[in-house]
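J.: Just a sequence and a predicted model for now, questions to come.
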Amino acid sequence: MNNIYISIVSHNHDEMIINNIYNEKIAAMENVIFIIKDNVSSKILSDFCIVNNILYIDKPLYVGFGENNNVVFDYAINNGMEDSDWFAVINPDVIITDVAVENLLSSLSSEKNELLTINLYQDLEKGIFDNALRKFPTWKSFFNLFLGKPANVAYDKIKLSDKDKVDWAAGSFLIFKASLYKKLKGFSNKYFMYYEDVDICYRAKKNHNQSVSFLKNIKAVHIGAYANRKIFSKHFRWYLKSFLTFLLNK
């Protein structure tokens, strides 16, 4: 079975990582390698990684989501990741069980698609879908932002079947064949925050005929802050800039 390298980027997410995403049963799995990129050089997180034999990176500091994950990818290659392995980008605010990871590994062992995501929920009871699967935005989508309408059209997960293809999935949980990530040259550094996930999924589909495969039966919880939705905030400004960058480079 191929290995899966799990990239987690922390911005003062020590508690989330220690209490939620990191699981001793998952870490004990032979084919799972955690790599944590610390964007603020937290001693708490550094010490935790040392004690638990987790690969840890703390430089460069204060770079964007995409660049952080690209740093992790290069680090993974230097630590034995091969083209046939998997590279998973996972937010620190994701909660996943060891059973779900075991099911994921089982699915990946026979998976032909090279870009995948799982079924995320907003609540621990897994009753509220996280609308992390969406269609590629257009200029009409952009102007919807100012009309009080949804900027991006979400897929109805109830209507989707296991392994159906979607345009893009949020970077909160994306899984790449290492060879595909390498061909894509990772996330684009044109984006500091937001839309890196839209862009990389778009390039995967356009240039490599790889749409995102939805693993509906593998479930986890994503406790998102959705800061970009607060209009006039700096996160909204970053979101707006990234949205325009994607449309202009599409």
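T.: Structure's in. What do you need? Since we're looking at a predicted model, the values are computed, not measured.

J.: which ones are touching the residue lying closest to residue 108 once chain neighbours are set aside?
T.: Nearest residue to residue 108, sequence neighbours excluded (C-beta to C-beta, 6 or more residues apart in numbering): residue 86, at 5.7 Å. All C-beta atoms are positioned from the backbone trio N, CA, C, and that covers glycine. Residue 86 makes contacts with 2, 3, 4, 5, 108, 175, 176, 177, 178, as judged by C-beta atoms under 8 Å, 6 or more residues apart in numbering.

J.: swap the cut-off to 6 Å and go again
T.: By C-beta atoms under 6 Å, 6 or more residues apart in numbering, the residues touching residue 86 are 4, 108, 175.

J.: How about it: which residues does it bridge to?
T.: residue 4, residue 177 (DSSP bridges).

J.: what's the answer for residue 94, then?
T.: Beta-bridge partners for residue 94, by DSSP bridges, are residue 222.

J.: Taking the centroid of this protein, which residue is nearest it?
T.: residue 171 (2.9 Å; C-alpha atoms, centre = their mean).

J.: my read: that residue touches residue 195, true?
T.: No - contact criterion C-beta atoms under 6 Å: residue 171 and residue 195 do not qualify, at 9.3 Å.

J.: the bottom helix or strand of the protein by mean pLDDT?
T.: helix 139-144 (a mean of 82; mean pLDDT, DSSP states H and E).

J.: Can you name the next helix or strand after that one?
T.: Downstream of helix 139-144, the next assigned helix or strand under DSSP states H and E is strand 165-166.

J.: gap between that following strand and the chain center?
T.: Distance of strand 165-166 from its chain centroid, counting by C-alpha atoms, centre = their mean, to the nearest Å, is 16 Å.

J.: Sheet-wise, list the partners of that strand with their directions.
T.: Here, using DSSP bridges, strand 165-166 pairs with strand 212-222 (antiparallel).

J.: got the contact list for the strand it pairs with?
T.: The contact list for strand 212-222 (C-beta under 6 Å, 6+ apart) reads 94-96, 100, 103-104, 107, 113, 115-121, 124, 126, 130, 160, 162-164, 166, 169, 172, 201.

J.: Give me the mean pLDDT for that strand.
T.: Average pLDDT, strand 212-222: 97.

J.: in it, what's buried?
T.: 212, 213, 214, 215, 216, 218, 219, 220, 221, 222 (16 or more other C-beta atoms under 10 Å).

J.: which of those lies closest to residue 26?
T.: Relative to residue 26, the closest of the buried residues of strand 212-222 is residue 220; by C-beta to C-beta it sits at 11.5 Å.

J.: Return the distance of that closest one relative to residue 107.
T.: Separation of residue 220 from residue 107 (C-beta to C-beta, to the nearest Å) stands at 14 Å.

J.: From the geometric centre of this structure, which residue sits farthest away?
T.: The chain, farthest from centre, C-alpha atoms, centre = their mean: residue 147 at 28.8 Å.

J.: Contacts only, for that one.
T.: Not one residue lies near residue 147 by C-beta under 6 Å, 6+ apart.

J.: now for the lengthiest helix in the chain, which elements pack on it?
T.: In the chain, taking DSSP state H as the definition, the longest helix is helix 234-249. The helices and strands touching helix 234-249, judged by 3 or more C-beta pairs under 6 Å, 6 or more residues apart in numbering; DSSP states H and E, number zero.
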